[in-house]
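Visitor: Predicted coordinates and the sequence they were generated for:
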Amino acid sequence: MSSIKKRVLITGGAGFIGSHLCDLFIEKGYQVICMDNLITGKIENIKHHLKNESFKFVKHNVSEYIDVKGRIDYIMHFASPASPIDYLKYPIQTLKVGSLGTHNALGLAMAKGARFLLASTSEVYGDPLINPQPESYWGNVNPIGPRGVYDEAKRFAEAITMAYHHYHKLDTKIVRIFNTYGPRMRINDGRAIPNFICQALRGESITIYGSGKQTRSFCYISDLTKGLYKLLMSRENMPVNIGNSDEMSLIGLSRLISNLTDSRSKVIYKSLPIDDPKVRCPDISRAKRILKWHPEIGIEDGLKDTIGFFKRNNAFLG
Ligand code: UDP
């Protein structure tokens, strides 16, 4: 007797993280509905699934009412511009998808009896005053600064998700995703890793914003998606940080990328964007304890794969 495939809706499924989630669920034998309005996502990221009958792409903006026929077992809500230059370019859409889009996705989860996972972010901690950041930290966010459109949208999204959990008894999960990288990042999304790799491959100057002493902790995409899947399958309803806890400075990152690409690019310093966090590092003890998850891919191996992706796609030229 063949078992019926579980059905998962992935909003933002054509984006960087969303498309890797599509891969993971297809690989695990699910039916996948990938929904995306393609403002920052790309069909290219999911084109290898388009002929698969277990995969369906729906072009739709989830800030508008979401209509899906048939059963849905799980909703992974990943739709949102997510890099600083994207949410600065689309401030209203970012606020709408975090608020109206999350409300619509939660309403759909209620109607279908689906389990719901919200993609939240380390940005809810703002420019943190404690380091590393545990889930119990409330954050230090400027609501009216340029990053406020993303940070506050995600904070609202967390609040409404918890309200659906408490008031409607919906089975919800919240992941706070820290800096993640890997193949399919967009070269022009403005983030440090694609910028540095492409600048190094083109022999252009590597642009460091501020002193370069600010820190981040970079998680490879396959580690992240494994953690997301474990969280979805867990009994946990409170937020869980997923990320890599190996913290490094941006200068350190630029040196590593220069070495791995054999680049002679010089470094140039530019002004630091407003409200750019000075430190960021996840406390992942809850994920380790509750999910039995920890990151496995070191930064060098992950960067080699990512550099390989940019070279193969000649993405650094375009
Ligand atoms: N950054 C940089 N040069 C770049 C792009 C980014 O120095 O070309 C810095 C940015 O100011 C921040 C860090 O790198 O301090 C990480 O930025 P990113 O946009 O990757 O992600 P964020 O953690 O800010 O969301």
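Guide: Good, I have the coordinates.
Visitor: how about the residues of the stretch 1-150 of the chain near the ligand?
Guide: Residues of the stretch 1-150 of the chain lying near the ligand by Cβ under 6 Å from any ligand atom: 83-84. From N, CA and C alone the C-beta is placed, and that goes for glycine too.
Visitor: Can you show me the strands along the stretch 1-150 of the chain?
Guide: Remark: strands assigned in the stretch 1-150 of the chain by DSSP state E, counting those that start in this stretch are 7-11, 31-36, 55-59, 74-77, 115-121.
Visitor: now those as a markdown table including mean pLDDT?
Guide: Below are the strands of the stretch 1-150 of the chain laid out as a markdown table (pLDDT from 0 to 100):
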| stretch | mean pLDDT |
| --- | --- |
| strand 7-11 | 99 |
| strand 31-36 | 98 |
| strand 55-59 | 98 |
| strand 74-77 | 99 |
| strand 115-121 | 98 |
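Visitor: out of the ones you listed, which comes closest to residue 140?
Guide: Closest to residue 140 of those is strand 115-121 (Cβ to Cβ; 14.4 Å).
Visitor: what comes into contact with the closest one?
Guide: Strand 115-121 has contacts (Cβ atoms under 8 Å, 6 or more residues apart in numbering) with 12, 17, 73-78, 80, 82, 102, 105-106, 109, 150-151, 154, 157-158, 161, 164, 170-177, 228, 231-232, 239.
Visitor: wouldn't residue 22 be in contact with residue 49 here?
Guide: Yes: in this structure, residue 22 is within contact of residue 49 by Cβ atoms under 8 Å, at 6.1 Å.
Visitor: When those two are compared, which one has more neighbours?
Guide: residue 22 (29 against 18; other Cβ atoms under 10 Å).
Visitor: circling back to that earlier point, are there residues contacting both of residue 22 and residue 49? Which ones?
Guide: 32, 34, 55.
Visitor: The first one and residue 10 touch, don't they?
Guide: Read it as residue 32. Yes: between residue 32 and residue 10 there is a contact at 6.4 Å, judged by Cβ under 8 Å.
Visitor: measure residue 78 to residue 9 for me?
Guide: Using Cβ to Cβ, to the nearest Å, residue 78 is found at 10 Å from residue 9.
Visitor: What pLDDT is listed against residue 83?
Guide: At residue 83, the pLDDT value in this model is 94.
Visitor: how many other residues sit next to the closest residue to residue 86 other than its chain neighbours?
Guide: Closest residue in space to residue 86, ignoring its immediate chain neighbours: residue 40 at 5.2 Å, by Cβ to Cβ, 6 or more residues apart in numbering. Per other Cβ under 10 Å, the neighbour tally for residue 40 reads 23.
Visitor: between the biggest helix by length in the chain and strand 115-121, how many degrees?
Guide: In the chain, assigned by DSSP state H, the helix with the most residues is helix 148-168. For helix 148-168 against strand 115-121, the angle by axes from the mean of the first three to the mean of the last three Cα atoms, to 10 degrees is 150 degrees.
Visitor: got a list of what the residue of the stretch 1-150 of the chain found nearest the ligand touches?
Guide: The nearest approach of the stretch 1-150 of the chain to the ligand comes at residue 84, 4.9 Å away (Cβ to the nearest ligand atom). By Cβ under 8 Å, 6+ apart, residue 84 lies in contact with 146-147, 150, 190-191, 273.
Visitor: got it, and residue 257?
Guide: Contacts for residue 257 were tallied using Cβ under 8 Å, 6+ apart; they are 193, 196-197, 200, 206, 263, 303, 307.
Visitor: so which of those residues are also by the ligand?
Guide: For the ligand, no contacts are drawn from those by Cβ under 6 Å from any ligand atom.
Visitor: Can you flag which of the residues you listed belong to helices?
Guide: Of the contacts of residue 257, the ones assigned to helices by DSSP H are 193, 196-197, 200, 303, 307.
Visitor: Now the residues you listed in a markdown table, please, with extra columns for pLDDT and neighbour count.
Guide: Output for these, formatted as a markdown table (pLDDT from 0 to 100; neighbours: other Cβ atoms under 10 Å):
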| residue | pLDDT | neighbour count |
| --- | --- | --- |
| 193 | 98 | 23 |
| 196 | 97 | 26 |
| 197 | 96 | 26 |
| 200 | 96 | 24 |
| 303 | 98 | 24 |
| 307 | 97 | 21 |
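Visitor: Which of these sits closest to residue 292?
Guide: Distance ranking of the ones in helices among the contacts of residue 257 against residue 292, using Cβ to Cβ, places residue 303 first at 26.3 Å.
Visitor: quick one, phi/psi of residue 242?
Guide: Main-chain dihedrals, residue 242, degrees, to the nearest 10: phi -130, psi 130.
Visitor: Now find how far off-centre the worst-scoring helix or strand of the chain on mean pLDDT is within its chain.
Guide: Taking mean pLDDT, DSSP states H and E as the measure, the chain has helix 84-89 as its least confident helix or strand, at a mean of 94. Averaging C-alpha positions (Cα atoms, centre = their mean, to the nearest Å) puts helix 84-89 14 Å from its chain's average.
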